[in-house]
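[1] return atomic coordinates for the entry below.
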Amino acid sequence: MKKILAITAVAATFLLAGCSQVGAAATVGDTKITQATVQGSIDAILSERAKVDVSQMQLETGATLNVSQLRFHLLGTLLREVGQELKLNVTKAEIDTRRASILEQVGGEAALPTALVNAGIAPQDLDRYIEAIAYSDKISQTLVAAGVTEDQLGSEIQKLVVAKAKEIGVTVNPRYGKWDPAIADVVPADSAESAVTPSNE
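    I've put the predicted structure just below:
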């Protein structure tokens, strides 16, 4: 009986480990981005589209939308990691201030849903989006103070993100695509190369 219980416990552990892998859309170091989180963003975006006039908008659909939402969560996490390494922090007060500024820019609370649909941002992700922008701005200011010129900023921030991703490790669930460490981005996994190259990740 004890043997059966032990085997059952081991099997349960493997099953749980398998489920946790299946549940992850991506991992960034110790941070797990669940499929539920990404799907929640996608579902909210699709739901919001039904409430506004999208006739003049160019909107992402299908796999492109899936990848863009995972990319949003991934890069937001990486920017936070880079920022914190540089001793930078984004407070809730800063997020609230920027949110108020965005509301003013788009024409108030009533116009926000249309603006978010057009930008491909789920309502529940607005604060995360603002946080990512704030970290990007603060990283830019730090680089400028260190002598980086304006035209170099984009490539320098990307270098920091690439280095941080390599340092802490990033994995992406194959259903969304493949992680390209050279550019720190999710790329489609359905290319001819990925079809013939065995994955060792």
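
[2] which helix or strand contains the residue nearest the centre of the chain?
    Closest residue to the average C-alpha location of the chain: H73 at 1.6 Å, with C-alpha atoms, centre = their mean. For H73, the element it lies in under DSSP states H and E is helix 62-85.

[3] what is that helix packed up against?
    With contacts defined as 3 or more C-beta pairs under 8 Å, 6 or more residues apart in numbering; DSSP states H and E, helix 62-85 has these neighbours: strand 24-28, strand 31-34, helix 35-49, helix 126-145, helix 153-168, strand 170-172, strand 185-187. Any C-beta I mention is one placed from the backbone N, CA and C, and that applies to glycine too.

[4] 7 Å instead, please
    Judged by 3 or more C-beta pairs under 7 Å, 6 or more residues apart in numbering; DSSP states H and E, helix 62-85 is in contact with strand 24-28, strand 31-34, helix 35-49, helix 126-145, helix 153-168, strand 185-187.

[5] out of the ones you listed, which comes closest to G120?
    Among those, the nearest to G120 by C-beta to C-beta is helix 35-49 (6.4 Å).

[6] identify all contacting residues around the closest one.
    Contact with helix 35-49 is made by 23-25, 59, 65-66, 69-70, 73, 113, 116-117, 120, 122-125, 173, as judged by C-beta atoms under 7 Å, 6 or more residues apart in numbering.

[7] show me how far it is from its chain's centre.
    From the chain centre to the centre of helix 35-49 is a distance of 13 Å (C-alpha atoms, centre = their mean, to the nearest Å).

[8] any idea of the mean pLDDT in it?
    Helix 35-49 carries an average pLDDT of 97.
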